[in-house]
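>>> the following block contains a protein sequence and its predicted model.
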Amino acid sequence: MKNLNVLVLAVLALLVSSGSVFAHHGTAGSYDHNKVVTVKGVVKEFRWRNPHAALFIVARDQSGDNEVTYALEIGSPGSLVKRGYTRNTFKAGDEIVIQIHPSFTNPVNGVDVDDAPVLINGKEIRQSVPEQ
């Protein structure tokens, strides 16, 4: 019985400690990495937060007929700093051009394309990730 209790406790400890390993996810299951869409619009909101910063852009949909708000995942603050971003890079009202991989389920959701240039008010601000 003592060995069973030790085994159960060991399994529970392993499961609890391994939760963080499974917590992070890739974007391949959510976004179409074979498709790139250029979004031109105006920044509505920028959220500098973990695990991923979020950028909301008011723009026209792909048909050009309707105004929509794009919701974009653009990486963690740590990875954004390495690319030259700060919490003040995107401000409400900025005109922006950004390339995204759209969501499989909603075309106005997406993730930014790594190392693609981003224009804010006509100025390129995106820097590539430094070589390791």
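Cool, the structure landed.

>>> gap between the residue nearest to Asp112 when sequence neighbours are not counted and Asn66?
In space, and not counting its chain neighbours, Asp112 is closest to Ile74: 4.6 Å by Cβ to Cβ, 6 or more residues apart in numbering. For every residue, glycine as well, the C-beta is placed using N, CA and C. Remark: distance between Ile74 and Asn66 (Cβ to Cβ, to the nearest Å) = 23 Å.

>>> then Ile120?
Counting by Cβ to Cβ, the gap from Ile120 to Asn66 is 24 Å.

>>> looking at the two, which is more packed in?
Each of Ile120 and Asn66 has its neighbours counted (other Cβ atoms under 10 Å); Ile120 has more, 17 against 10.

>>> what ranges does the chain have for its strands?
All strands of the chain, identified by DSSP state E, fall at 37-47, 54-60, 67-73, 95-102, 109-112, 119-120, 123-124.

>>> let me have these in TSV, extended by mean pLDDT and distance to Ser30.
What follows is the strands of the chain, written out as TSV (pLDDT from 0 to 100; distance: least, Cβ to Cβ, whole Å):
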stretch	mean pLDDT	distance to Ser30
strand 37-47	96	15
strand 54-60	96	14
strand 67-73	96	9
strand 95-102	96	9
strand 109-112	95	8
strand 119-120	94	25
strand 123-124	93	27
